[in-house]
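1. Generate a structure from the sequence data that follows.
(2 chains)
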Amino acid sequence: MASATPTRIIAVANHKGGCGKTTTVVNLAAEFGRMNLSVLVVDLDPQSNASLHIGKKHPSEVTVTCAELLLSETEKLPLAIHEETHIPGVSLMYGSLNLGKSEDDLKDGTPRPSEELRDKLSPLMGVYDVILIDCPPSLKLLTSNALAAATHLIIPIESGSQYGMYGVTDLMKHVSKIRRINPGLQLLGALLIKHDERQTVCKLIEGTAQEQIGKLLPVRIPTSTKVNQAAMAQTSLHGMDRTAKVTREFKQLAALLAAELKLNGKESNDE
Amino acid sequence: MSKNIKAMLAEKLAANTHRHASAQQETVVDYGRTHIMIPVEAIDPNPYQPRRIFPQDEIEALAHSIAEAGLIQPITVRPVGERYQIIAGERRWRAHKLLGKNSIESLVGQTEDSDMAIYALAENIDRQDLSDYEIGKALRQVEDLFPTKKRLAEALGLARQDMYRFFAFEELPPAIRTRLDANPRLLARSAAEGIKRTLGEIRQKGVHTEAVIDECLMHCWQLLEDGELDQTKFPVHLGKILTAREQEGIISDRQVTDISQAGKRVGTIVRDTRQFVVKLQAGVLSDQQEIELQQFVQALVSGKGKVSQVVTH
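-> Below is the predicted model:
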């Protein structure tokens, strides 16, 4: 499983809530896992929806979550990784309500508050093929930590939403600030979610996103009730309905990213 | 959507919601406490722990259950320098050591010295697995932290009268307390209080010497240790044999002579209608002297004479 290619760390960030960060993280992880890549999901969101979705434990039952890891020494890293999740091939570092407190403590207690996560994850380089970081809906320290640790960035955007567009300028400014401490951070692109090509608003946002962010991922994620069903059933879209359009789009996105990032996954057969 | 999926989703939603609702509360309660794995070697017991004895078989049983089912509740510790001190969970920690585990799930909190004693005591009183004798000792340790005994009783959730029973152990003679140190569960607080009362009554009458009282007390204690006397009947039995002694003393011409060594009583010679008893504490005579004494007594009893030779030898 440990491949020759270096570990890719993909941050999925946007401070707009409900734009599909967690959905993207969970389903990309699941598809990468199905490609026999070794995958780790890092849940930096105090709401811990990714953990509640794929984790076998409730975050409150977990000894070492991202909250404890961020404020501790690196020795806790092995305790923070949970290899058993609801998604095959996907490991998890749990989120926790305490992440809110960790954010405050980071600010006061560490010399480089934005670089703690990068530090804590460094022993995992070469161990996992892909690490996906789910960010909280804010541009504060937790998101900064994700961006500083990441090699790549995906910005999910709710298609057709004016509100979603407003924040993008601020986000891009923040990303360029973070590049001062992480110059290698590459933008994979904006990912349009809840997209409906028949709607004018969606077409308009598509154009503006291209303009503002500069790069759009070629896949469009449609609105689908399967997304909510999968979250409720604690499975991936593939586990919920492998033939749905939304599932196929995520599969295509994973294949595309794997090619772009030169991930050595074996093509899985659709059993 | 098929009916099956609908039912499955409904069930899942209910389970997820319940799981989250019941978990959320704990997160808030434990806020400010760190929940981590701590190396077993970095943990020390609570210096205020009143429990004196950790029976090996109990620790083994606990270790067995932890090996099977895992640790159900993390232990609670406080940081002291580089290390941690147990606030609650010494038995679980000992079981982990027995299992050879490297680390133990712990909640880390900040606790004052005074509270350490109260926690350890309160936890043990609640669980009812600390002996009354140990609680009595522990109460003395912490009583100074409270303005009055009444407040101490309140803090521990004890009735005041009941709390005084725990203090009755202190009134027992040192010999009994030494035996209790080794076997604290033999006597409960109500029995201790009963003995204390009986001793008070006997002393008031003033017919017996302390030596006789001690002797009768130790006689009863031996019966208790041998399982021949129930602790609830201890005070009554003690009263009975002391009364019997009193009457016996009147009828028979019982004579007691102390044997002293350098001004200290090391034994007695007791003579009554039935027996002639010479009692010496161990170590008063050398081994050689003991053999000589035996030979002397033997010679005396068998009537072989030449007694003077043995004695002057």
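2. Convert the C-alpha atoms of whichever strand or helix holds residue A:169 to PDB, please.
-> Following DSSP states H and E, the helix or strand that holds residue A:169 is helix A:162-178. Extracted C-alpha coordinates of helix A:162-178, given in PDB (Å, rounded to 0.1, in the frame of the first residue of the first chain):
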ATOM      1  CA  GLN A 162     -24.900  34.100  -4.600                       C
ATOM      2  CA  TYR A 163     -24.000  33.800  -0.900                       C
ATOM      3  CA  GLY A 164     -21.500  31.100  -1.700                       C
ATOM      4  CA  MET A 165     -19.800  33.400  -4.200                       C
ATOM      5  CA  TYR A 166     -19.400  36.400  -1.800                       C
ATOM      6  CA  GLY A 167     -16.900  34.600   0.400                       C
ATOM      7  CA  VAL A 168     -14.700  33.300  -2.400                       C
ATOM      8  CA  THR A 169     -12.700  36.600  -2.600                       C
ATOM      9  CA  ASP A 170     -11.900  36.400   1.100                       C
ATOM     10  CA  LEU A 171     -11.000  32.800   0.800                       C
ATOM     11  CA  MET A 172      -8.600  33.400  -2.100                       C
ATOM     12  CA  LYS A 173      -6.900  36.300  -0.100                       C
ATOM     13  CA  HIS A 174      -6.500  33.900   2.800                       C
ATOM     14  CA  VAL A 175      -5.000  31.200   0.600                       C
ATOM     15  CA  SER A 176      -2.400  33.700  -0.800                       C
ATOM     16  CA  LYS A 177      -1.500  34.700   2.800                       C
ATOM     17  CA  ILE A 178      -1.000  31.000   3.700                       C
END
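3. Mind listing what's buried along that helix?
-> A:164-165, A:167-168, A:171, A:174-175, A:178 (16 or more other CB atoms under 10 Å in any protein chain shown). In short, each C-beta sits where N, CA and C put it, glycine included.
4. Of the residues you listed, just say which sits nearest to residue B:120.
-> Proximity of the buried residues of helix A:162-178 to residue B:120 (CB to CB) peaks at residue A:178, which lies at 49.7 Å.
5. For residue B:213, see how far away the residue lying closest to that closest one once chain neighbours are set aside is.
-> Nearest residue to residue A:178 in three dimensions, chain neighbours excluded: residue A:147, at 4.3 Å (CB to CB, 6 or more residues apart in numbering or on different chains). Noted for residue A:147: a distance of 83 Å to residue B:213, by CB to CB, to the nearest Å.
6. With neighbour numbers in mind, choose between these two.
-> Just comparing residue A:147 and residue B:213: by other CB atoms under 10 Å in any protein chain shown the higher neighbour count belongs to residue A:147, 26 against 18.
7. coming back round to it: you'd agree the residue nearest to residue A:178 is in a helix?
-> Yes. Per DSSP: H, G, I helix; E, B strand; the rest coil, residue A:147 lies within a helix segment.
8. how about it, what does it touch?
-> A:11, A:13, A:153, A:174-175, A:178, A:182, A:185 (CB atoms under 8 Å, 6 or more residues apart in numbering or on different chains).
9. Tell me where chain A has helices.
-> Assigned by DSSP state H, the helices in chain A fall at A:21-34, A:49-54, A:66-70, A:77-80, A:99-109, A:116-121, A:141-149, A:162-178, A:200-213, A:225-233, A:237-240, A:245-260.
10. Output the buried residues of helix A:162-178 in TSV; the columns should cover pLDDT.
-> What follows is the buried residues of helix A:162-178, written out as TSV (pLDDT from 0 to 100):
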residue	pLDDT
A:164	83
A:165	83
A:167	82
A:168	86
A:171	91
A:174	93
A:175	94
A:178	95
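11. where are the low-confidence patches of the stretch 151-300 of chain B?
-> B:248-254, B:273-274 (pLDDT under 70).
12. can we see that at 80?
-> B:151-152, B:154-158, B:206-207, B:246-255, B:272-275 (pLDDT under 80).
13. The stretch 151-271 of chain A now?
-> Short version for the stretch 151-271 of chain A, where the test is pLDDT under 80: A:264-271.
14. Near chain B, which residues of it are found?
-> Residues of the stretch 151-271 of chain A lying close to chain B by CB under 8 Å from any CB of the partner chain are A:229, A:232-234.
15. hang on, the earlier thing: packing partners of the helix holding residue A:169?
-> Using 3 or more CB pairs under 8 Å, 6 or more residues apart in numbering or on different chains; DSSP states H and E, the elements in contact with helix A:162-178 are helix A:141-149, strand A:152-158, helix A:200-213.
16. from the middle of its chain, how far away would the first one be?
-> Pointing back at helix A:141-149 there. With CA atoms, centre = their mean, to the nearest Å as the basis, helix A:141-149 stands 12 Å off its chain's centre.
17. quick one, phi psi at residue B:282?
-> phi -60, psi 140 (degrees, to the nearest 10).
18. Please give me every residue in contact with residue B:119.
-> Residue B:119 neighbours (CB under 8 Å, 6+ apart): B:46, B:87-88, B:111.
19. If I follow the layout properly, residue B:277 ends up in contact with residue B:257?
-> No. Residue B:277 lies out of contact with residue B:257 (CB atoms under 8 Å); the separation is 10.8 Å.
20. Now do the shared contacts for those two.
-> B:268-271.
21. Put the buried members of these into a PyMOL selection.
-> Buried members of those, defined by 16+ other CB under 10 Å, are picked up in PyMOL with:
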select buried, chain B and resi 268
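22. Which of the shared contacts of residue B:277 and residue B:257 fall in strands?
-> B:268-271 (DSSP state E).
23. Closest one of those residues to chain A?
-> residue B:268 (65.4 Å; CB to the nearest CB).
24. Spit out the contact partners of the closest one.
-> B:211, B:256-259, B:277-279.
25. now residue B:157: how far from residue B:163?
-> 10 Å.
26. more neighbours, those two?
-> Neighbour comparison, residue B:157 and residue B:163: the larger count goes to residue B:163, with 20 against 9 (by other CB under 10 Å).
27. quick one: the more buried one is in a helix?
-> Yes. Per three-state DSSP, residue B:163 lies within a helix segment.
28. rewinding a little: if we only consider the ones in strands among the shared contacts of residue B:277 and residue B:257, which is nearest to residue A:32?
-> Scanning those for proximity to residue A:32, where the rule is CB to CB, the winner is residue B:268, at 90.5 Å.
29. Per-residue pLDDT of the closest residue to chain B within the stretch 51-200 of chain A, please?
-> Nearest residue of the stretch 51-200 of chain A to chain B, counting by CB to the nearest CB: residue A:60, 4.0 Å away. pLDDT, residue A:60: 83.
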